[in-house]
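1. Give me a model of this one.
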Amino acid sequence: MRLIFMGTPDFARESLRSIYSEGRHEVCAVFTQPDKPRDRGMKLSFSPVKELALAHGTTVYQPKTLRDGEAAKIIRSLAPDVIVVVAYGKIIPKEIIDIPPKGCINVHGSLLPKYRGAAPIQWTILNGDREAGVTTMFLSERMDAGDIISKRSVAVGEYETSGELFERLKKLGAELLLETLRDIENGTATRTKQDESEATYVRQLSKKDSPIDWTHSSEQIINKIRGLNPWPLATAEFGGKEFKIYAAIKTGRQTEKPAGEIVSSGKDGIELACGDGKTIMITELQAPGKRRMKAADYLLGNRL
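-> Residues are numbered from 1 along each chain as shown. Purely as a prediction, here's the structure:
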């Protein structure tokens, strides 16, 4: 089939890479977000999807909007059989959804209708879910509300971070996308309407979400540390300094100390009291101006 790919970050790059690798379909164009300034030099940088597309000699379009008619005009001229959308970063208007005869399909990083919206993988971890997955669907005008084509699920590890789950799901999503495209090409793709009564929505995360609230339960705090790793990272204040917290484990111990108070510190890390009377052990952190390290290593040369 002749297809247009629309996507921006690394999650989308894996899906595009799989399409190129399989060599079954013609990628006639790629749409991605405009280049953005990054790092201290504020130099314009390409999205992961743009870098891959250019490496394969594919024409790249980066419109600031999809709603002025220009993008639709370009897409009509390219005459794609299908449009693939993976983490593009903009809502696709109906004018574009209706162009390809075989539909406009999407890969989403959750088991829809759960976790529609931004950051579904992070919220899977933040909420302590033991199951995660990816969904392919036909796009509709409403966000992540289109008919489901297929799903794949995986178990979530006890201490798996959102970054680690992201790596697994981007590969699973790419595999499911190839299967979905074959079904669409063969006319065997199914359509299942989503149960709106089960729909949940999640928002994008920011650094405002980083500070740990020690009055929360030990389970909630562990999930926060996992869910915000690798970005924006959970933070905690010790001795007037803000530390980035990368990892922590359950201790199975109870304490009568107030929430947020250090219970012990040593070769295992920093043990803190939580709101449910249980403790957790911080095992990896980053002090201001320092590199990421084991909490025990930090304690060798510093006191809290």
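
2. ok, the residue in the chain sticking out farthest from the centre to K278 distance?
-> For the chain, the residue at maximal distance from the C-alpha centroid (Cα atoms, centre = their mean) is E256, at 37.4 Å. Distance, E256 to K278, using Cβ to Cβ, to the nearest Å: 11 Å. C-beta here means a position set from N, CA and C on the backbone, and glycine is covered the same way.

3. Could you check how far D81 is from G7?
-> 18 Å.

4. These two: which is more packed in?
-> G7 (29 against 18; other Cβ atoms under 10 Å).

5. Let's verify the residue nearest to T161 when sequence neighbours are not counted: helix, strand, or coil?
-> Excluding the flanking residues, the one nearest T161 by Cβ to Cβ, 6 or more residues apart in numbering is N229, at 4.1 Å. What DSSP: H, G, I helix; E, B strand; the rest coil gives for N229 is coil.

6. I'd say N229 and G163 touch.
-> Yes. Contact status for N229 versus G163: in contact at 5.8 Å, counting by Cβ atoms under 8 Å.

7. Look at those two and report which has more neighbours.
-> Shown here are N229 and G163; by other Cβ under 10 Å, N229 has more neighbours (22 against 16).

8. for the host helix or strand of I19, which positions count as buried?
-> For I19, the host element (DSSP states H and E) is helix 10-22. Using 16 or more other Cβ atoms under 10 Å as the test for burial, helix 10-22 gives F11, A12, R13, E14, S15, L16, R17, S18, I19.

9. Redo those residues as JSON lines? Include distance to A53 and pLDDT.
-> Below are the buried residues of helix 10-22 laid out as JSON lines (distance: Cβ to Cβ, whole Å; pLDDT from 0 to 100):
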{"residue": "F11", "distance to A53": "15", "pLDDT": "97"}
{"residue": "A12", "distance to A53": "11", "pLDDT": "98"}
{"residue": "R13", "distance to A53": "9", "pLDDT": "98"}
{"residue": "E14", "distance to A53": "13", "pLDDT": "98"}
{"residue": "S15", "distance to A53": "12", "pLDDT": "98"}
{"residue": "L16", "distance to A53": "7", "pLDDT": "98"}
{"residue": "R17", "distance to A53": "10", "pLDDT": "98"}
{"residue": "S18", "distance to A53": "14", "pLDDT": "98"}
{"residue": "I19", "distance to A53": "11", "pLDDT": "98"}
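
10. Do you have the strands of the stretch 101-250 of the chain handy? List them.
-> 104-108, 116-117, 131-138, 148-155, 201-202, 234-238, 241-254 (DSSP state E, counting those that start in this stretch).

11. how about CSV for these, with mean pLDDT and distance to D68 added?
-> Formatted as CSV, these follow (pLDDT from 0 to 100; distance: least, Cβ to Cβ, whole Å):
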stretch, mean pLDDT, distance to D68
strand 104-108, 98, 19
strand 116-117, 96, 25
strand 131-138, 98, 24
strand 148-155, 98, 30
strand 201-202, 97, 27
strand 234-238, 97, 41
strand 241-254, 97, 41
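
12. of all these, which lies closest to I96?
-> strand 104-108 (7.0 Å; Cβ to Cβ).

13. Not counting the closest one itself, show me its contacts.
-> 15, 82-87, 92, 96-97, 116, 120, 134-139, 144, 146, 149, 173-174, 176-177, 180-181, 184 (Cβ atoms under 8 Å, 6 or more residues apart in numbering).

14. Make a PyMOL selection of the buried ones in the residues you listed.
-> Here is the PyMOL selection string for the buried members of the contacts of strand 104-108, based on 16+ other Cβ under 10 Å:
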select buried, resi 15+82+83+84+85+86+87+92+96+97+116+120+134+135+136+137+138+139+144+146+149+173+174+176+177+180+181+184
